[in-house]
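K.L.:
Predicted model and sequence follow; I will ask about them next.
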Amino acid sequence: MNDMTSTTETIIREDDLIETVADALQFISYYHPMDYIQALGKAYEAEKGAAAKDAIAQILTNSRMCAEGHRPICQDTGIVNVFIRWGQSCRLQSTRSLQEVVDEGVRRAYTHPDNKLRASILADPAFTRRNTRDNTPCVLSVEMVPGNTVGIDVAAKGGGSENKSKFKMMNPSDNIVEWVVEQIPSMGAGWCPPGMLGIGIGGTAEHCMKLAKQSLMDPIDMAQLKERGPQSDIEQLRIDIYDAVNAMGIGAQGLGGLSTVLDVKILEWPCHAAGKPVGMIPNCAATRHAHVTLDGSGPAYLEQPDLDRWPDVNWQPDAEAKRVDLDNLTPEEVSSWEIGDRLLLSGKMLTGRDAAHKRIKDMLERGEELPVDFKGRAIYYVGPVDPVMDEVVGPAGPTTATRMDKFTEMMLDLGLLAMIGKAERGPDAVDVISRFKTAYLMATGGAAYLVSRAIKGAEVVAFEDLGMEAIYEFTVENMPVTVAVDAAGNNVHKVAPQEWRERIRNEGLLPVS
Ligand SMILES: O=C(O)C[C@H](O)C(=O)O
């Protein structure tokens, strides 16, 4: 009962809130929301770009594997965002703050022994960047509302998509569609399209960003909206942005294609006459959120989805893919690869991401000897989830390679032959790659559990204190990757979206919905 006039107090027990948050976070770590997975299934059917279709197939296959195996959809199990609508007749029975109680739920979820999730949260972000080890604290927003229930939205937001958030304090007459279209190229593919765009309009600088994030909690309904037609200016704006962004041809993982966004969500709030604040936050292929309601009767649990409703897509490696023996990799072989080539990697590779690269740089500057020899090796930009049961490693998909651009010359100077990550490389990194006649390969972001099946051995070889950011040596068997930058300096993320933008325009290919 959600009764404004109710005088009875509802007691929300601390344990019930903790259990509810923990259960919801475990649930969303392995079940995609049904609306997302079905919209992605439709995008798969409609997709005409072969590389983008292959990437979507990997994401769909990964999604089903995670739903069946109860393991995380993505190695980046996110920063927890919790939105609570607290009914004013409810009282939390606890001596701890609401933040502490919700964080206890986060802690319990992320350290669950059967499905341990990755701890990605670092305290002291500007300086020592210490991992808090249990993914706390979450980012909590509370709104007091009439009633005697507590509505909770939990989301686990990936870092790659959060990194691409945008904000502009617009002039009142500025055009929002034009601004969004201007931002999209600078977002690259690090936000793991196809996903959603959440947009907040109005309020103040900080409030429009919160609205943008909150809008992503709504289910995907663009197909229904287009079918029934817009009934408000905001709905028309959603459609205009959706069509304009998909016409850009960026496609899944930036590989060129018809589906870049599956939906555009907008929330608005009145604002000052002098401005028009607009915030935009993309959500990646690992879209994870759920809604639960507490009414004082005990913990709230989410209903298990019907796995038969997952699209029937079973990704298999391309029969034409080139097999690569990493243990005998030569500069000549690397130079022979061309953008778009599908490779199946076997043998040993090193891993390393942000913190490891920074430490290597610091050690080189101090003239210290590195603990690992990179000569002739391939490096995979990844921070895996810890293994459970008989796994050698948990889900281990790629992280955004662009963040490693500033270290690329240093690493290639150490003799590295190939890099594996996700999304595009910047122009400087592409120049360095072609100057050193090496290559950048991409794995599919959002297919972390599927990728981890190719990893047969994993051993930490340096910087163990960095946790998931340590340097591992992985032994892989037929790990699927695509050549994204070749030794000649060709760049798939530059040419493919261009080609698809023209095809969409010239052949009248309608963006899917
Ligand atoms: O942290 C990660 O593993 C990946 C990150 O979400 C990214 O997309 O770059």
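P.N.:
Happy to help now that I have it.
K.L.:
only C-alpha atoms for contact and neighbour calcs from this point on.
P.N.:
Will do.
K.L.:
what separates stretch 470-481 from the chain centre, distance-wise?
P.N.:
In terms of CA atoms, centre = their mean, to the nearest Å, the centre of stretch 470-481 is found 20 Å from the chain centre.
K.L.:
Now do that stretch: everything it contacts.
P.N.:
317, 323, 342-352, 356, 383, 420, 441-444, 451, 454-464 (CA atoms under 8 Å, 6 or more residues apart in numbering).
K.L.:
near the ligand, which residues of the stretch 251-400 of the chain?
P.N.:
Contacts of the stretch 251-400 of the chain with the ligand, taken as CA under 6 Å from any ligand atom, map to Val382, Gly383, Thr399, Thr400.
K.L.:
Not counting sequence-adjacent ones, nearest residue to the last one?
P.N.:
The one in question is Thr400. Of all residues not flanking Thr400 in the chain, Lys422 sits nearest, at 5.0 Å (CA to CA, 6 or more residues apart in numbering).
K.L.:
Test my guess that Gly78 contacts Ser120.
P.N.:
Yes: here Gly78 reaches Ser120: they are 6.9 Å apart, a contact under CA atoms under 8 Å.
K.L.:
Can you tell me which residue of the protein sits closest to the ligand?
P.N.:
Gly160 (3.1 Å; CA to the nearest ligand atom).
K.L.:
so that residue, which of the three states?
P.N.:
helix (DSSP: H, G, I helix; E, B strand; the rest coil).
K.L.:
May I see the buried residues of stretch 495-505?
P.N.:
With burial defined by 16 or more other CA atoms under 10 Å, the residues of stretch 495-505 counted as buried are Ala496, Pro497, Gln498, Trp500, Arg501, Arg503, Ile504.
K.L.:
picking that back up, in contact with the residue nearest to Thr400, which residues?
P.N.:
By CA under 8 Å, 6+ apart, Lys422 lies in contact with Ala189, Gly190, Gln253, Pro398, Thr399, Thr400, Ala401, Leu441, Met442, Ala443, Thr444, Gly445.
K.L.:
Can you lay out these as TSV showing secondary structure and pLDDT?
P.N.:
Below are the contacts of Lys422 laid out as TSV (DSSP: H, G, I helix; E, B strand; the rest coil; pLDDT from 0 to 100):
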residue	secondary structure	pLDDT
Ala189	coil	96
Gly190	coil	95
Gln253	helix	97
Pro398	coil	98
Thr399	coil	98
Thr400	strand	97
Ala401	helix	98
Leu441	strand	98
Met442	strand	97
Ala443	coil	97
Thr444	coil	97
Gly445	coil	96
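K.L.:
The stretch 101-250 of the chain: strands as residue ranges?
P.N.:
Ranges of strands within the stretch 101-250 of the chain are 122-123, 130-131, 139-145, 150-157, 166-170, 195-203, based on DSSP state E, counting those that start in this stretch.
K.L.:
for these, which one ends up most surrounded?
P.N.:
strand 195-203 (a mean of 26; mean count of other CA atoms under 10 Å).
K.L.:
Paired strands for it, with orientation please.
P.N.:
Paired neighbours of strand 195-203 in the sheet (DSSP bridges): strand 261-271 (parallel), strand 276-283 (antiparallel).
K.L.:
now those as TSV including mean neighbour count, distance to Pro185 and mean pLDDT?
P.N.:
Converted to TSV, these look like this (neighbours: other CA atoms under 10 Å; distance: least, CA to CA, whole Å; pLDDT from 0 to 100):
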stretch	mean neighbour count	distance to Pro185	mean pLDDT
strand 261-271	21	13	98
strand 276-283	27	13	98
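K.L.:
Could you check those and tell me which one is nearest Val392?
P.N.:
Closest to Val392 of those, according to CA to CA: strand 276-283, at 29.3 Å.
K.L.:
Name the next helix or strand downstream of that closest one, please.
P.N.:
Sequence-wise, the next helix or strand downstream of strand 276-283 (DSSP states H and E) is strand 289-294.
K.L.:
partner strands of the next helix or strand after that following strand, parallel or antiparallel?
P.N.:
Remark: after strand 289-294, the chain's next helix or strand is strand 322-325, criterion DSSP H and E. Paired neighbours of strand 322-325 in the sheet (DSSP bridges): strand 342-351 (parallel).
K.L.:
and the following helix or strand past the strand it pairs with, how far out from the chain's middle?
P.N.:
Moving toward the C-terminus from strand 342-351, the next helix or strand (DSSP H and E) is helix 354-365. Relative to its chain's centre, helix 354-365 lies at 25 Å (CA atoms, centre = their mean).
K.L.:
Same question for stretch 309-326.
P.N.:
Its chain's average C-alpha position is 21 Å from that of stretch 309-326, according to CA atoms, centre = their mean.
K.L.:
list the buried ones in that stretch?
P.N.:
Trp310, Pro311, Val313, Trp315, Ala321, Val324, Asp325, Leu326.
K.L.:
Could you check what's spatially nearest to Asp263, not counting adjacent residues?
P.N.:
Nearest non-adjacent residue to Asp263, counting by CA to CA, 6+ apart: Met196, 5.1 Å away.
K.L.:
so what's that neighbour bridging to?
P.N.:
Asp263, Asn283.
K.L.:
which ones are touching it?
P.N.:
Contacts for Met196 (CA under 8 Å, 6+ apart) come out as Leu216, Val261, Leu262, Asp263, Val264, Lys265, Pro282, Asn283, Cys284.
K.L.:
Could you rerun that using 10 Å?
P.N.:
By CA atoms under 10 Å, 6 or more residues apart in numbering, the contact list for Met196 reads 36, 161, 215-216, 220, 242, 260-265, 281-285, 287.
K.L.:
ok, it to Leu326 distance?
P.N.:
In this view, Met196 and Leu326 are 36 Å apart by CA to CA, to the nearest Å.
K.L.:
How about Pro387?
P.N.:
24 Å.
K.L.:
Just flag the most distant two among the residues of the stretch 251-400 of the chain next to the ligand.
P.N.:
Gly383 and Thr400 (10.9 Å).
K.L.:
tell me, what's touching the two both at once?
P.N.:
Arg353, Asp354.
K.L.:
Do I have it right that His272 meets Gly203?
P.N.:
Yes: with contact defined as CA atoms under 10 Å, His272 reaches Gly203; the gap is 7.4 Å.
K.L.:
Specify the local secondary structure of Leu60.
P.N.:
helix.
K.L.:
In contact with the closest residue to it other than its chain neighbours, which residues?
P.N.:
Nearest non-adjacent residue to Leu60, counting by CA to CA, 6+ apart: Val313, 6.5 Å away. Taking CA under 10 Å, 6+ apart as the contact definition, Val313 lies against Gly41, Tyr44, Glu45, Ile56, Ala57, Gln58, Ile59, Leu60, Thr61, Asn62, Arg64.
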